[in-house]
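**Q** Fold the stuff below for me.
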Amino acid sequence: ELARWLEQARDWRVRANAALALEGRSRDPVALEALLEALDNTSVHVRQSAGAALAAERQPAPVVEAILARIDEDPDDWRSAGPLLSVLARSGRGGDVLAWADRWPLDAVGPWTRISEALMTVAGDAALARLVRAAGSESPPVASAALRALATRWPAERRRPGSHEAYWQAFSRAAGSADAVGLPVVAPVLADPVFVARGSVPLLVGAWERLASQGDADAAAAVLAALGETGAPEADPTLREALAHPDPRLADAAAEALIALAGDGTDGSPADTAGAANGTARRSTRGSAREREVDWAFLGEMGPRPRLVLETDEGRVVVALVPEEAPVTVQTVARLAVEGRYDGVPFHRVIPTFVVQGGDVSRGDGTGGPGFSIPSELTSLRFLRGTAGMASAGKDTEGSQFFLTHSPQPHLDGGYTAFGWVVEGMDVVDRLVEGQRILRASVERGG
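**A** Sure, this is the predicted structure:
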């Protein structure tokens, strides 16, 4: 029945859901035939879902050959190729992944995101060299994806000393760069004794000094945590200074890092260090969520029923906002729109039948934000088809990223800030694919 829905259903959401439901069933000849045929579906969402279902399990050689033929048939369809590349990588066809990678320039964000994911599991120096080169890309999303792949590969590669120099080249370059691209994943790896011996501690200290005033709390906290894990005494002065940082989250991170640096209190004076750190942690956890005041005058100017208008590559989307339910969220999103900060920002994450997500105003790849966080505002709005919600990494971590739901998502109710719903252009939302952009965002007053 699922195979029939995948082949015959008129609504792309039904076809995509049917494909996803066939995950783990590709040993069934009927299911396998339907999934392979779906790789040529007219809907990119269905093609992606079929690829994801096939990638969920190891495939026999004939299926791998069919998948390779599909990639070769339309090598520019990187959105559909993404999950299929992982099938090739796990099937010993890393050379084919590398050949596909060599088609793309290092500023091709979508393709290189997929390539980096696939190369996580491709052994050897050729794959490593591609990732190191991509980690030096001038495109932050490409560099970030490659660094994430390198960090994932490192535990296995650590046993291969001949690879260490290549990893050091990529990680030290990231730590020493003017921005924070990849630092949340690179910093923990630089705490490894292999890299401490090569001089990672001064690099991390320098990264902290740059980040301390830049507003990127996630990257800064990762650097502080890494300094604590190095076990290096020279990290102590930096961590002690960070205890006085005005952002309570970073003061907390410094306190925890000092405790980690102290270890079991057997080397030198760490017992005193741990005590001081614990005291700071107790003091600074009060009010550690960064509170934002409601600007009632600004909200009043927009009227009781303002609307967020997104002009996208696929057309116009209008979102009705609910300031009475989520005032801080609405004023933040509205201000970012009025200031033009959403203009040109991509939809970096599109999961068929689930969400379209964008709004990363600093990096465009889902790892950045506006430079501040706002409180979570759990509203009475339910996550139905077309609900607008804020992306979150935990309580009070919302910033500029938001998502629009393709279909009802009741598991999100009460866990994410819902701040509006699509009143025009849901067909546009359905057509949006990863990498397409918000051309212009604006706010219309509503009475």
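
**Q** need the contact list for Ala151.
**A** 185-186, 188-189 (Cβ atoms under 8 Å, 6 or more residues apart in numbering). All C-beta atoms are positioned from the backbone trio N, CA, C, and that covers glycine.

**Q** With respect to Asp11, which of those residues is nearest?
**A** Nearest to Asp11 among these: Val185, at 38.1 Å, using Cβ to Cβ.

**Q** Could you find the closest non-adjacent residue to that closest one?
**A** Nearest residue to Val185 in three dimensions, chain neighbours excluded: Ala151, at 4.5 Å (Cβ to Cβ, 6 or more residues apart in numbering).

**Q** out of the contacts of Ala151, who has the most neighbours?
**A** Val186 (33 neighbours; other Cβ atoms under 10 Å).

**Q** Look up how far Ala222 lies from that residue.
**A** Computed as Cβ to Cβ, to the nearest Å, the Val186 to Ala222 distance reads 8 Å.

**Q** Low-confidence ranges, this protein, go.
**A** 215, 264-292, 447 (pLDDT under 70).

**Q** Would you mind giving the domain segments of it?
**A** The chain breaks down by automatic domain parsing into domains covering 178-288, 296-444.

**Q** State the distance from Ile351 to Gln357.
**A** Applying Cβ to Cβ to Ile351 and Gln357 gives a distance of 8 Å.

**Q** Just want to know which of these two has more residues nearby.
**A** Gln357 (19 against 16).

**Q** that's a strand at the more buried one, yeah?
**A** Yes - counting by DSSP: H, G, I helix; E, B strand; the rest coil, one finds Gln357 located in a strand.

**Q** got the residue ranges for the helices in the stretch 51-200 of the chain?
**A** Applying DSSP state H, counting those that start in this stretch to the stretch 51-200 of the chain gives helices spanning 61-73, 78-90, 94-101, 109-119, 125-135, 140-157, 164-176, 183-190, 193-196, 200-211.

**Q** helices or strands next to the first one in the packing?
**A** The one in question is helix 61-73. Here helix 61-73 touches helix 29-38, helix 78-90, helix 94-101, going by 3 or more Cβ pairs under 8 Å, 6 or more residues apart in numbering; DSSP states H and E.

**Q** of those, which approaches His406 most closely?
**A** Across the helices and strands packed on helix 61-73, closest to His406 is helix 78-90 (Cβ to Cβ), at 15.6 Å.

**Q** Check which helices and strands that closest one is in contact with.
**A** Using 3+ Cβ pairs under 8 Å, 6+ apart, helix 78-90 sits against helix 44-55, helix 61-73, helix 94-101, helix 109-119.

**Q** so where do the helices sit in the stretch 201-350 of the chain?
**A** Under DSSP H, counting those that start in this stretch, the stretch 201-350 of the chain gives helices at 217-230, 236-242, 248-262, 270-284, 296-302, 327-338.

**Q** Tell me the spatial nearest neighbour of the most centrally placed residue in the chain, not counting adjacent residues.
**A** Centroid-nearest residue in the chain: Gly366, 3.9 Å away (criterion: Cα atoms, centre = their mean). Nearest residue to Gly366, sequence neighbours excluded (Cβ to Cβ, 6+ apart): His348, at 4.8 Å.

**Q** related to what we said a few turns ago, dump the helices and strands packed on helix 78-90 to CSV, plus distance to Val205.
**A** What follows is the helices and strands packed on helix 78-90, written out as CSV (distance: least, Cβ to Cβ, whole Å):
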stretch, distance to Val205
helix 44-55, 41
helix 61-73, 45
helix 94-101, 35
helix 109-119, 28
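
**Q** Mind putting these into a markdown table with mean neighbour count?
**A** Converted to a markdown table, the helices and strands packed on helix 78-90 look like this (neighbours: other Cβ atoms under 10 Å):
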| stretch | mean neighbour count |
| --- | --- |
| helix 44-55 | 25 |
| helix 61-73 | 15 |
| helix 94-101 | 20 |
| helix 109-119 | 25 |
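
**Q** between these, which gets nearest to Gly82?
**A** Here helix 109-119 is closest among these (Cβ to Cβ), at 3.7 Å.

**Q** between that closest one and helix 78-90, how many degrees?
**A** 10 degrees (axes from the mean of the first three to the mean of the last three Cα atoms, to 10 degrees).

**Q** on that earlier part again, out of the helices of the stretch 201-350 of the chain, indicate the one that is most buried.
**A** Per residue and on average, the most neighbours among the helices of the stretch 201-350 of the chain fall to helix 217-230, with a mean of 25 (mean count of other Cβ atoms under 10 Å).

**Q** so which of the helices of the stretch 51-200 of the chain comes closest to Ser26?
**A** Of the helices of the stretch 51-200 of the chain, the one closest to Ser26 (Cβ to Cβ) turns out to be helix 61-73, at 7.2 Å.

**Q** Tell me the backbone dihedrals of the nearest residue to Ser144 once chain neighbours are set aside, please.
**A** Counting by Cβ to Cβ, 6+ apart, Gly182 is the residue found nearest to Ser144 once chain neighbours are left out, at 4.8 Å. Gly182 adopts backbone torsions of phi 80, psi -10, taken as degrees, to the nearest 10.
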